[in-house]
Every structure is written in structure tokens, then in C-alpha cells.
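K.L.:
sequence first, then the predicted structure, then my questions.
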Amino acid sequence: MTDDYIKHQYTPILPKKDEWPVVKLSKSRKEFIQQVVASSMERIRSLTGNQLQALKEELELTLYRERMRIKQNPWLVDPDDEAKFWSKVKSSLLAIGAEQQASETEKKEKYFEILRSIILRYAEEIASNFKHSHYKMTRSIVTFGFSRLLNTARVKGFKSVFSNQYSLQDKIQIIGETDQLRELASRGTIVMVPTHFSNLDSILIGWTISTLGLPPFIYGAGLNLFNIQIFAYFMNALGAYKVDRRKKNQVYLETLKTYSREAIQFGCHSLFFPGGTRSRNGNIESKLKLGLLSTAIEAQRANYQESEKEFEKVFIVPVTINYHFVLEAPSLIHDHLNYTGQERYYSESDEFSTSYKISKFLVKFFTKGSDISVSIGSAMDILGNHVDAEGNSRDRQGRLIDCRDYFLSNGKVTVDLQREEEYTKKLGRRIVEEFHKINRVFSSHLVAFTAFRLIKRANKKLDLFSLLRLPEEDIYLSYDTFKEATAEVLECIKKLRAEGKLHMAPHLEMPLEDIIRHGLENVGMYHARRPLIRNDQGNIVTEDISLLYYYHNRLDGYELEKVI
């Protein structure tokens, strides 16, 4: 991966919208949902052993959890008939239980009818509502709006609003294996797996996909985002299917996984955040949610089982999104500290809670000098082996591998859930490795890491939570000490880059004084209480040590703490 970034809009690999898999899926939405329902039903039958008592208990547990969700955690986006639907399910279950004359087969069929109604409701909620006209409009709005903000900020005078002197590619830098991604998208089905730090990620990735000339991807977006009107419009327009993290019951989870697997088999390029949710502590995700990830492996095996799809391959493409600052950082780190510190911290509200706050953030972001980069990693197969430009899998020695062999038993492709579970774990580990390799270190990450490690070194006897309770006014670092340590950490980062273990932003090649100034200007630049500044006395101080800890964590996992 080089320091060059994409400065132009690629031509579409599929110019006609009717060729887009997501358009084909939307046209057959009703039939596709029925397929998801049927496949989910079979999956639940298998999990319950098709036993009456097991099925009854699964339905009762689903009902209990859903009624608790409605009571304890309702959202505006929930359907108006939510309580009514589940009351009907309860009545139906009670009625079946009260039947004395019905045979076990008759009861089982009635339970399956209830199960089908629940799965159908879930599938209808999950399914995307992609419309090409909305997608086209959203793409134009995002590109035009962001470009106007960018040029208004950098070009003085009235004409700045209509200036095109600066492009979004100057602000949002796309680097990495873009040509390989485009080639493989023409040869198979892409499953893109990005890091996740902000609610802005979904729109950012959607814009990236469009810039690279790729057809729209489907992707899972948190149902909570549909509470916000402006986000709901963008999510629907960009092909999002809905993921409700409140629903933990087996029936919902299997329906969600089935939707993802069937969509990948259908040929839709897919995107999901394998971390499951935004990184609460600022780390690059190291423990991934494997549920949706497993659907890529299941889809690949199913393709091998179907003779007409035997040669259709699924490619996994890791992506890291690199920010100088994250709007939601204060609430995210406080959520993390609440959880790990046994409620010793008070959780603030989410900064992305209203359309007004999002709009305010976007204006401030584009009128500041801070940049974003999107790093596209090398594509892998579903076992984590890198693939070449033609999509052939290769081992670490460059030898060809046939992925079909991984699913063979007695010479035939077979279903082995335990085997596929191990494959999913292996793929998860490989994605984490690639995240760290393609991570692009910014000056803000460097200064935040160095400052926090120096503060920790000066307070060796304190555990993390005691350290974070120190009064900010009592914390300062002499500039000379900070500068010396920054130089040492930077030297180590350069060595890691030479070994191919991470990537560096070009501004880290500036003179050290300029790097430090750039980092201090950009780290947490939007926040009212800055995580790191240089005060009037020339010392390095923090106005919010928890935020400093959050931004420091971006370089966790590289053993850089050994430098200080």
C-alpha cells in the first residue's frame, strides 16, 4: 500500500443500474423475503430437532424477551402494532397449550405457523428498501453538500460556495488495493468488513463505494439509526438492511443470518462491521462478532453445493477508517468505562442523537483542516488466504489453493457446522491482523499515545481507573520530555511500517515540530474539552484525560508501550 490516494471518480464497473445485484434483489423483494422465511424455518427446525417441546420453549422464550424489550427499551422506530402482535402470539400459544384433544402433530403444525408469522415479521423489518432513484439522489446530495462545505471553508469570497477547487478526494483519502477490489467485484461477490468508530462510517463507506465505481452494497445498519430522520433516509437509499441489537432471541438471530447468507448467495456485494458496534474504547477491534461473518462462509459452501454457482467466489475485503477525531468519543469512552469500571463513571448522551447535532458536526468537520482516510486492504478468501488479481487463493508461500477442498467430506461438499465455526474463528483472526496492517497512523494518534503513556509512567502506582480520576489541572508534561518521547515512538512506528505491520499518513514525514503541532491541532479538535493542548507556559496538558485515553487506544496492539 502506497501513500497515493484516489484523486478521481472511477467509471462504474456496471454502468446499467438493472445489472446491479441490489436492484435485482429489490425487484424480487417479496420472493426473496419468502425464501428467507423458508430457509429460517428449516434452520429453526434443525436447531430444535423438530421436537414439539423444544419448539414450544423456543417460542415462549422469544415471546418473553420481546415483551421485556417492548417494556424496558422501546424505540420510536418500532411499529405501532408491536405490543398488539406479541399479545396475539401469547394468546395463540395459550390456546394451543389448552387444547386437550389435538394431536402432537397438529400442535406442532400450529406452533410452526406462529413461528412462521414471527420470522416473516422479522424478515420484513430486516429487508432493505433500496430504490435506485433515492440512491442516485442521496449520492448527489452527499457529494454536492460535502464539496460545498469543503470549498466554502478553503476558498474565500462569495464564489467559494460554487467553487470546485477542492474535491472530496482531497478531504476523504481513499488508499490501498482499489484496483484489485474493482477487478474482484466483477469476478465474484465482495464482503467488505470495515472498522467501526462513528455513526458517520456508513455514509462514508457508501460514498467510497460509489467513488470507486462499484455498484451499491447492501449492509447492516443499527435499527437505532432509523430513529433519526435524516439517517433513516440515507440508510434506506444506500441499501441498508436493519439490525436490531436489542433482539437477542434465537429466532431473530437466525433470521438475520439467513438474510445475510441468502443475499450474498444472490450475488449482492455486502458490507457489515464485524466489531458489531462502534468501538467504545477507541481500539481497533480485536474481538469480532462472528454471527454475520459466518454467513459469508455458509454462502461460499452453498455456492459449491449448487452446480450453477460452483465457481462463484466470495471475497473478504478488510477496510480501516482513520479519523483524527470522533464526534461520539466522549459518550463512547464513558460507556466503556461504565461497563469495565463497574458503574464508576456517568454515561453521557450520544452526540449523534439528533439531526441537528449531525448537521452541526458535518459543518464543523468540513470547515476544519482535519482529514479522513479509508484504507482498502488486500482481498482474502473465506479462510483468510490472500487472493490474486484473478481471485485465485494463495497460501503464504504463494501456492494455489482450492477453497472447495475445505468443505469436502468423502469427496463431496457437505454441511458441517462445527467445522464452519472453526473456519469463522480463523477468518475473524485474519481480519484483525489485516486491520492492524492497513491501519493508517495519524499525527493525532501519535501525540495522544505518547502523552498518555508518559502520564501513566509518571503515575506507575495507579491503576487505570485511579489514573483517569486524577484532576486534569494536576497533569502536565514538559514539552522537551514530550518531544523526545514522541520522536522515539515515531521511530518505532517507522520501523513497523518498514516491516509491513502498519501504514503511516504522509504528514508523519514532516519535521518533528510540525508533526507535533499538527497532532495537537487535530486530536479531538471538535470537542469542547480538548484531550491534548499546549498551554501558555509551553507545557503539554489535557482538559479531559478520558478522551486522551480514548485517542491513545488507537495505537494499542503494536507493543509501542515498550518504548515509554
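P.N.:
Done, it's in. Numbers count the residues shown, from 1 in each chain.

K.L.:
burial of residue 395, as a residue count?
P.N.:
Residue 395 has 11 neighbouring residues, counting by other CB atoms under 10 Å. Where you see a C-beta, it was placed from the backbone N, CA and C, and this is true even at glycine.

K.L.:
go on, residue 528?
P.N.:
Counted with other CB under 10 Å, residue 528 comes out at 8.

K.L.:
before we move on, what SS does it have?
P.N.:
Three-state assignment for residue 528 (DSSP: H, G, I helix; E, B strand; the rest coil): coil.

K.L.:
ok, it - contacts?
P.N.:
Under the criterion of CB atoms under 8 Å, 6 or more residues apart in numbering, residue 528 has no contact partners.

K.L.:
quick one, phi/psi of it?
P.N.:
phi -60, psi -40 (degrees, to the nearest 10).

K.L.:
which pLDDT value goes with the residue nearest to residue 487 when sequence neighbours are not counted?
P.N.:
Among residues not flanking residue 487 along the chain, residue 512 sits closest, at 5.7 Å (CB to CB, 6 or more residues apart in numbering). In this model, residue 512 is scored at 98, pLDDT.

K.L.:
one more: residue 344?
P.N.:
Predicted confidence (pLDDT) for residue 344: 48.

K.L.:
against residue 375, how distant is residue 23?
P.N.:
Per CB to CB, to the nearest Å, residue 23 is found 29 Å from residue 375.

K.L.:
neighbour count: the two, which is higher?
P.N.:
residue 375 (25 against 20).

K.L.:
who's the more buried one bridged to?
P.N.:
Residue 375 has these beta-bridge partners by DSSP bridges: residue 175, residue 320.

K.L.:
how close does the residue nearest to residue 82 when sequence neighbours are not counted get to residue 15?
P.N.:
With sequence-adjacent residues excluded and distances taken as CB to CB, 6+ apart, residue 82 is closest to residue 70, at 5.8 Å. Distance of residue 70 to residue 15, computed by CB to CB: 46 Å.

K.L.:
again, but for residue 467
P.N.:
The gap separating residue 467 from residue 15 is 56 Å, by CB to CB.

K.L.:
those two: which is more packed in?
P.N.:
Legend: neighbour count by other CB under 10 Å for residue 467 and residue 15, higher for residue 467 (18 against 10).

K.L.:
got the contact list for that one?
P.N.:
Contact analysis of residue 467 by CB under 8 Å, 6+ apart lists 455-456, 459, 545.

K.L.:
number of nearby residues for residue 449?
P.N.:
Using other CB under 10 Å, residue 449 has 28 neighbouring residues.

K.L.:
isn't it up against residue 549?
P.N.:
No: distance between residue 449 and residue 549: 10.2 Å, which falls outside the contact criterion (CB atoms under 8 Å).

K.L.:
for the chain, which spans come out with low pLDDT?
P.N.:
Residues of the chain meeting the criterion pLDDT under 70: 1-8, 141-170, 342-370.

K.L.:
residue nearest the centroid of it?
P.N.:
In the chain, the residue lying closest to the centroid (CA atoms, centre = their mean) is residue 273, at 2.5 Å.

K.L.:
contact partners of the helix or strand hosting the residue nearest to residue 82?
P.N.:
Taking DSSP states H and E as the criterion, residue 70 maps to helix 52-72. Defining contact as CB under 8 Å, 6+ apart, one finds that helix 52-72 is touched by 44, 47-48, 78, 82-83, 86, 89-90, 93, 97, 104, 107-108, 111-112, 114-115, 118, 246-252.
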